[in-house]
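Q: let's see this in three dimensions:
(one chain, ligands or ions: 2)
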Amino acid sequence: MINDTIAGVSTAVGNSGISVIRMSGSDSVSIADKIFKGKKKVKEQESHTIQYGKIISPETNEVIDEVLLTKMVAPRTYTREDVIEISSHGGYSIARSILDLLYRMGARPAEPGEFTKRAFLNGRIDLSQAEAVMDIIQARTDRVSKVAVRQLEGSLSNKISNIRERIINILSHIEVNLDYPEYDDEEVSASMAESETIQILDELDKLIDSFNFGKLLREGMEVVIAGRPNVGKSSLMNRLSRKNRSIVTDIPGTTRDIIEEYINIKGIPVKLVDTAGVREAEDKVEKIGVERTIKALEGADLVIMISDISEPLGQEDQTILSKIKEYNKPYIMVFNKTDLIEEERRLEEIKRENPKALYLSVTEDKGVEELEDAIVKYATENNQDIDNQVLVTNARHENHLRRAKSFLESVLTSVRNNMTLDIIALDLKASLEELGSITGDHADEDVVNAIFSRFCIGK
Ligand SMILES: Nc1nc2c(ncn2[C@@H]2O[C@H](COP(=O)(O)OP(=O)(O)OP(=O)(O)O)[C@@H](O)[C@H]2O)c(=O)[nH]1
Ligand SMILES: [Mg+2]
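A: Numbering: from 1, shown residues only. Ligands and ions are numbered 1, 2, ... in the order given. Predicted coordinates:
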């Protein structure tokens, strides 16, 4: 039972023009009346209206600030409780003083995410929507916040509850059979379970597939630049990020550790990773660098495999390519330093030999834009309709979808092996539980607490 009143600053910490202090709970109105002096008492103010007034310390009678006070009475509020929002002037210190007053008058400091948690506990939003609030707060690009907003509107929840209803429907058929065996249409139930389960698995697969793209939008696509020493990896890193983070020299083996930079390529958040050149290492430091490069390849969403067009592909390039293949990573083959090929005809010839590769001269700034386009194309391929599709963006959701899927797969196996209906029913129920965990229909308390503790205070 929630019965205390919480307060926190909802705007970002830092120097902003105004701050919003939010309070939620059954004592919100009476606490506000202790420190706010306006034309009307807050108690008499109409719900969902704003009133101008002053915040005055009841202890010292000191005027702390001129503010606007918004009163919203339950249940049409963010938390479904009585909510008071005070918009104060100035920076954080004024907001802080007002907050301290509220605490002294009986409110308690809100924990991170507690407002949204109350919205969830009071049934206004489900868990996947609550997580969307967090995604919006943390979104790196417009495209990402668009996806999150749609999630907040409930697109994933709707999809999940639709699938759950279908599973419940299969279950109800089976239960009838179990309860009234005299009807004896086990076979009908089993074949209905089979065809429905196949369709549901198909839907689950689509959702699971969307996760890779969703994750990419949320966390950024990890693009690893790899190649042997001196081919221009760091030069490319600097050009793409428009910064001079990576040291560039003509000495092979310059970069000895992983260097990361977040960039935004046409709305796609990218975590760009520059690595140490792969070769037979000469010293300990370099050896560790090469090991880290191999590890970075393993974590890549996409690899830019870069080579020097003026030199033939060698053993070192093969080593990298075989790692890329071993880890099953998508990659873009890039030949750099085209400026070193003086003869136009020779260049054309090489291009014909490797028509899929891209050709760059980082120093002459040629071909870089084509590479950027190729990265965006890779990110959005098979996802043309991303702006209208239900996307799974959250690892927790994906995990439950996968588990639901595996239970449904064993439903199929059971049906096909003529197992008894009660075994099938068990797996159906287990898959229901998994799906329910996404929207919070079965979420246990620990999960709920973990999710909300990742929020900022005041949200
Ligand atoms: N001619 C020419 N030189 C280039 C080009 N791109 C990079 N270079 C030069 O190649 C040398 C190596 O560049 P880096 O960017 O340090 O290469 P790297 O792959 O990061 O090298 P390591 O960190 O040692 O593995 C430098 O002297 C660059 O100026 C290019 O497009 N054309
Ligand atoms: Mg380098």
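Q: what parts of this structure come near ligand 1?
A: 227, 229-235, 248-250, 252-255, 276-277, 336-337, 339-340, 361-363 (Cβ under 6 Å from any ligand atom). Where you see a C-beta, it was placed from the backbone N, CA and C, and this is true even at glycine.
Q: residues near residue 81, how many?
A: Close neighbours of residue 81, defined as other Cβ atoms under 10 Å, add up to 25.
Q: returning to that earlier point: give me the buried subset of the residues of the chain next to ligand 1.
A: 227, 229-235, 248, 253-255, 276-277, 336-337, 361-362 (16 or more other Cβ atoms under 10 Å).
Q: picking up where we left off before, next step: the residues of the chain next to ligand 1 restricted to strands.
A: residue 336 (DSSP state E).
Q: I figured residue 54 was touching residue 63, is that so?
A: Yes. Applying Cβ atoms under 8 Å as the test, residue 54 and residue 63 come out as touching, 5.3 Å apart.
Q: which of these two has more neighbours?
A: residue 54 (14 against 11).
Q: check for me that the more buried one belongs to a strand.
A: Yes. Judged by DSSP: H, G, I helix; E, B strand; the rest coil, residue 54 forms part of a strand.
Q: pLDDT score for it?
A: With respect to pLDDT, residue 54 has a value of 95.
Q: bridged to it, which residues?
A: residue 37, residue 66 (DSSP bridges).
Q: gap between it and ligand 2?
A: 60 Å (Cβ to the ion, to the nearest Å).
Q: residues contacting that residue?
A: 36, 37, 38, 63, 64, 65, 66, 67 (Cβ atoms under 8 Å, 6 or more residues apart in numbering).
Q: ok, and the closest non-adjacent residue to whichever residue of the chain sits closest to ligand 1?
A: Nearest residue of the chain to ligand 1, counting by Cβ to the nearest ligand atom: residue 277, 2.8 Å away. Excluding its sequence neighbours, the residue lying closest to residue 277 (Cβ to Cβ, 6 or more residues apart in numbering) is residue 229, at 3.0 Å.
Q: phi, psi of the one you found?
A: For residue 229, the backbone dihedrals (degrees, to the nearest 10) come out as phi -60, psi 150.
Q: begin at 31 from now on, thanks
A: Done: numbering now begins at 31, and the last item shifts to residue 259.
Q: any idea how far it is from residue 85?
A: 64 Å (Cβ to Cβ, to the nearest Å).
Q: try residue 361
A: On the measure of Cβ to Cβ, residue 361 and residue 85 end up 60 Å apart.
Q: looking at those two, which one has more neighbours?
A: More neighbours surround residue 85 than the other of residue 361 and residue 85, with 23 against 19 (other Cβ under 10 Å).
Q: quick check: the more buried one touching residue 130?
A: No. The criterion here is Cβ under 8 Å, and residue 85 misses it with residue 130 at 11.1 Å.
Q: check contacts around residue 441.
A: Residues counted as contacts of residue 441 (Cβ under 8 Å, 6+ apart) are 223, 227, 454, 457, 458, 461.
Q: tell me which parts of the stretch 131-280 of the chain are close to ligand 2?
A: 263, 264 (Cβ under 5 Å from the ion).
Q: what about the contacts of residue 441, which one has the most neighbours?
A: Ranking the contacts of residue 441 using other Cβ under 10 Å puts residue 461 first, with 29 neighbours.
Q: that one: what's it in contact with?
A: Taking Cβ under 8 Å, 6+ apart, one finds 197, 433, 434, 435, 437, 438, 441 in contact with residue 461.
Q: nearest residue to it other than its sequence neighbours?
A: Nearest to residue 461 is residue 437, by Cβ to Cβ, 6+ apart, at 3.8 Å.
Q: with residue 328 instead?
A: Residue 328 sits nearest to residue 357 (Cβ to Cβ, 6+ apart), 5.3 Å away.
Q: quick check, the one you found in contact with residue 327.
A: Yes. At 5.9 Å, residue 357 and residue 327 qualify as touching, with contact defined as Cβ under 8 Å.
Q: which one of those two is surrounded by more residues?
A: Taking other Cβ under 10 Å, residue 357 and residue 327 do not tie; residue 327 has more neighbours (22 against 14).
Q: separation between that one and residue 305?
A: Counting by Cβ to Cβ, the gap from residue 327 to residue 305 is 8 Å.
Q: domain ranges for this structure, per the record?
A: Following automatic domain parsing, the chain resolves into domains at 36-156, 166-246+421-470, 250-392.
Q: chain center to the last one: distance?
A: Between the centre of domain 250-392 and the centre of its chain there are 27 Å (Cα atoms, centre = their mean, to the nearest Å).
Q: cool, the shortest one as well?
A: From the chain centre to the centre of domain 36-156 is a distance of 30 Å (Cα atoms, centre = their mean).
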